[in-house]
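Trainee: Quick one: sequence plus predicted model below, questions after.
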Amino acid sequence: MTWPFGLAIYFVLWWITLLAVLPWGVRSQHESGDVVTGSDPGAPTVHLGWKKLLWTTIAAGVVFSIGYALYRFDLLPLDFLMRISNPPHS
């Protein structure tokens, strides 16, 4: 695997992980009982953006490392992946 290809895979994993991490720990203004006048009651009370970016980077790094180890040490052979991903030929 070349490093640009690895970086592209990490980039995609990072965005998928970000979408999974975004709802973690969100409390709306309505849930906390502190609704700011003129704002939506469903808006988050505290933003926590940098924490979520950090967790996203860590989680994507772990997932990428596991995937890279499976690829590098041939623990998930390419012919097996091709066999399960292609429909049977008739």
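Mentor: Good, I have the coordinates.
Trainee: Can you check which helix is longest in the chain?
Mentor: In the chain, ranked by residue count with DSSP state H as the criterion, the top helix is helix 49-72.
Trainee: Contacts only, for Ile16.
Mentor: Ala60 (Cβ atoms under 8 Å, 6 or more residues apart in numbering). No exception for glycine: its C-beta is placed from N, CA and C like everyone else's.
Trainee: Just want the angle from the least confident helix or strand in the chain by mean pLDDT to helix 49-72.
Mentor: Within the chain, no helix or strand scores below helix 78-85, which has a mean of 81 by mean pLDDT, DSSP states H and E. In terms of direction (axes from the mean of the first three to the mean of the last three Cα atoms, to 10 degrees), helix 78-85 departs from helix 49-72 by 110 degrees.
Trainee: The most centrally placed residue in the chain: what secondary structure?
Mentor: Centroid check for the chain by Cα atoms, centre = their mean gives Thr17 as the closest residue, at 0.8 Å. For Thr17, the assignment made with DSSP: H, G, I helix; E, B strand; the rest coil gives helix.
Trainee: these two touch, right, it and Thr56?
Mentor: Yes: assessed by Cβ atoms under 8 Å, Thr17 is found in contact with Thr56 at 5.0 Å.
Trainee: What strand or helix carries Val36?
Mentor: Taking DSSP states H and E as the definition, Val36 sits outside all helices and strands.
Trainee: hmm, back to that, which elements pack onto the least confident helix or strand of the chain?
Mentor: Counting contacts by 3 or more Cβ pairs under 8 Å, 6 or more residues apart in numbering; DSSP states H and E, helix 78-85 is packed against no other helix or strand.
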